[in-house]
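>>> attaching a predicted model along with its sequence, questions to come.
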Amino acid sequence: MPIHRPAPQGSRVIAHVDMDCFYVQVEQRKKPELRGLPTAVVQYNAWKGGGLIAVGYEARKFGVKRSMRGDEAKEVCPDIQLIQVPVARGKADLKLYREAGSEVVSILSAKGRCERASIDEVYLDLTDAAELMLSEAPPETLETIEKEALKSHILGLADDGKGSEENVRRWLCRDDADHEDKLLACAAIIVAQLRIQVMEETQFTCSAGIAHNKMLAKLASAMHKPAQQTVVQTSAVKDLLASLPVKKMKQLGGKLGSSLQSDLGVKAVGDLLQFPVEKLQERYGTNTGSWLWNIARGISGEEVESRLLPKSHGCGKTFPGPQALKSISSVEHWLNQLCEELSERIQDDLDQNKRIAHTLTLHAGAFKYNEKGLGRKFPSKSCPLRYGTAKIQEDAKKLFDSGLRDFVGPHNDRWGIASLSVTASKILDIPSGTSSISSFFQDKDCHSLSSSGCDGFNNDHFPPSPSVNKICTRPVYHVQQLRPSCEEICDVHETSQQNKTFNIDVRGASPRKRKRKELGSILRYFQVSDSSTKQVVDEFTQADAPLPTSGQPNTSISDSESYMEPDPSEHQRSNLVRNDNNDENSTHVNETTQTSTAWHLNVEDVDPSVIDELPLEIQREVRGWLCLPKRVQATKRGSDITQYFFPAKK
């Protein structure tokens, strides 16, 4: 349903630029020998010569229309040149046309806020550029005005017999015009310059509509084609809408427009002027009723969004008549093809524009063989999007299965699919400074930890970031090099028994118990990042917890456990680090030791109820450190969370 937006404060000037028969122009640029010849672009399917999706203006003179098939077009125009759309994965490949459209957008966006509405149409907010021109070089002060601007069609401009170009010149250079019309005059000159630039740099022609809002600008751009521009001055709005058929207005081509015609007898948009806003709101709701009341007066508050890139990527295919899909295997085949193309496009978007799509949606057109008339539509289904062709294909199949169950129901197993499409939406820029979570788990590369399921992580439950290959810039190291054991962390922080402070020390535990704690300890996911702290750790662990040599078995880890054994050479490397640091600055170790001993834990201040909220494996480990009973009396009512972090001395 249309959305009512209040009219903005202040004057605006908007242009809608529409490429002229764009697909044909792209093909003619690729094959210059086609210029001037009747040409049309047809779909990839060969049935009756293919369906026409674009018809050049030379072919239109012979009566060729887009609704025709290729064979029918040849009957009307025997000399017509039919160019087939490129094909990939059994369907049309529009990449060539999308890239050509991007060339045009890059030129148009230089003059103002630019919104790419489709492959071949763009909205421009030229308010700032027009205001700047009006203050620095208004039209009446210009020595020359481009001929393209003088060819503009000014709606409501009377012909006094002096020639259209001369009338346009006088209108552009009026001293007595109001501010809104002066902005329109400046915008007409700017748009003409842009259209000339597009022609020179891309060889494409385009048409444009210039008005005070998007709605009127789009209506005007289609009024005079090709390679022309139309200006809608404020005084001409009423006459323009008075004769505009309802179905020609955007968002009135469907059920809402049909309701206006049948229920209210409205044939033209201007006929809505006879209805008060209260009646329209009562019949169509507050939002839609207000929107209808406004468009009848040429009022629209829709803003031009700053968007040079598409909001979504979609891949679809239709299966008309006997081509309808009737089996799961045929649906899966085409889903795989569509998902493969979608995966390629969103990956290109990620590489080139640093954007990530977050939502995958499946749409389908379906019917049941034993139903007559209109039945329930195939429901659209969505889920979070996972990057990778195989993952997208898997999720799309699940979405289709879910939609098919809802559509068919328990008593109908005969169905057909007339169309399929998959769409990636909610595409957002990657925030600056973002890196993949994989970079925080240190291993040989960003993939190995998540893909191997190492250290208890299941890759199925934690899918890797889609940008892991692209934005992971943090240095990575081997896990064993930077991960201190539980004993090493605890030994550094010895404190006096006189202060009733409990040392977290498990050196006295049996090898089997110590092994179990090391395997499940949360501490191993934190690294000693400071070189001075690593030095202190090495001093304490050298005497108390020596690593086994290559000729000795590792008694702390059984052969039956699949766990990475420490590299014996690590002990030698740590000694080198310690010795080098001692040679450079011997006092640094003492300072670090004093700092590190301040990290201690008072058993009396620990509330076991907080430990009960931890995962079970970590509960067991922490209770083993502290030797606490499983449950004790909870803290007093009104206690503050800060006591768990800054316990006061008693």
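In hand now; what should we look at? No experiment lies behind these values; they were computed from the predicted model shown.
>>> in stretch 269-286, what's buried?
Residues of stretch 269-286 classed as buried: 269-272, 275, 280-281, 284 (neighbour count, 16 or more other Cβ atoms under 10 Å). C-betas here are computed from N, CA, C, even on glycine.
>>> for it, measure first residue to last.
For stretch 269-286, the separation between the terminal residues is 19 Å (Cα to Cα, to the nearest Å).
>>> before we move on, the earlier item: most widely separated two among the buried residues of stretch 269-286?
The two members of these with the most space between them (Cβ to Cβ) are Gly270 and Gln281, at 19.4 Å.
>>> for the top helix by length along the chain, packing partners?
Under DSSP state H, the helix in the chain containing the largest number of residues is helix 328-353. With contacts taken as 3 or more Cβ pairs under 8 Å, 6 or more residues apart in numbering; DSSP states H and E, helix 328-353 sits against strand 91-92, strand 313-318, strand 355-368, helix 389-408, strand 415-429.
>>> of all those, which one is nearest Ala7?
When the helices and strands packed on helix 328-353 are ranked by distance to Ala7, counting by Cβ to Cβ, first place goes to strand 415-429 at 29.3 Å.
>>> helices and strands around the closest one, which ones?
Applying 3+ Cβ pairs under 8 Å, 6+ apart, one finds that strand 415-429 contacts strand 313-318, helix 328-353, strand 355-368, helix 389-408.
>>> against Ser235, how distant is Ile189?
According to Cβ to Cβ, to the nearest Å, Ile189 and Ser235 sit 20 Å apart.
>>> the two: which is more packed in?
Set side by side, Ile189 and Ser235 show more neighbours around Ile189, with 21 against 13, by other Cβ atoms under 10 Å.
>>> report the secondary structure state of the more buried one.
Local secondary structure at Ile189 is given as helix here, using DSSP: H, G, I helix; E, B strand; the rest coil.
>>> list the contacts of it.
Taking Cβ atoms under 8 Å, 6 or more residues apart in numbering, we find Ile189 in contact with 133, 139, 142, 145-146, 149, 172.
>>> tell me the two of these that are most distant?
Of all pairs drawn from the contacts of Ile189, the one with the largest separation by Cβ to Cβ is Met133 and Glu146; the distance is 13.3 Å.
>>> more neighbours: which of these two?
Neighbours around Met133 and Glu146, counted as other Cβ under 10 Å, are more numerous at Met133. The numbers are 20 against 14.
>>> the nearest residue to His212 once chain neighbours are set aside sits in which helix or strand?
Spatial nearest neighbour of His212, chain neighbours left out: Arg12 (5.7 Å); criterion: Cβ to Cβ, 6 or more residues apart in numbering. Applying DSSP states H and E as the criterion places Arg12 outside every helix and strand.
>>> quick check: Arg12 touching Ala130?
No: in this structure Arg12 lies outside contact range of Ala130 using Cβ atoms under 8 Å: 9.2 Å.
>>> and Pro546, what's its pLDDT?
Predicted confidence (pLDDT) at Pro546: the value is 43.
>>> make that Pro245, sorry
Listed pLDDT for Pro245 reads 94.
>>> got the contact list for it?
With Cβ under 8 Å, 6+ apart, Pro245 has these contacts: 267-269.
>>> tell me, how many neighbours does Asp71 end up with?
Using other Cβ under 10 Å, Asp71 has 12 neighbouring residues.
>>> which SSE is it in?
Element membership of Asp71, judged by DSSP H and E, is helix 70-76.
>>> now what about that helix, what contacts it?
When contacts are defined by Cβ under 8 Å, 6+ apart, helix 70-76 is touched by residues 40, 42, 48-52, 55, 59, 62-64, 68, 80, 82.
>>> can you pick the most crowded of those?
In terms of neighbour count, Ala40 stands highest of the contacts of helix 70-76 at 30 neighbours, by other Cβ under 10 Å.
>>> pretty sure it sits against Val24.
Yes: in terms of Cβ under 8 Å, Ala40 counts as a neighbour of Val24; the distance is 6.9 Å.
>>> any residues in contact with both of the two?
With Cβ under 8 Å, 6+ apart applied, the overlap between the contact sets of Ala40 and Val24 consists of 54-56, 83.
>>> follow-up on the earlier one: nearest to Arg5 among the contacts of helix 70-76?
Val55 (35.5 Å).
>>> what's the spacing between that closest one and Glu200?
Taking Cβ to Cβ, one finds Val55 at 26 Å from Glu200.
>>> with Ile189 instead?
Relative to Glu200, Ile189 is positioned 17 Å away (criterion: Cβ to Cβ).
>>> same check, this time on Leu252
Distance from Leu252 to Glu200, by Cβ to Cβ: 38 Å.
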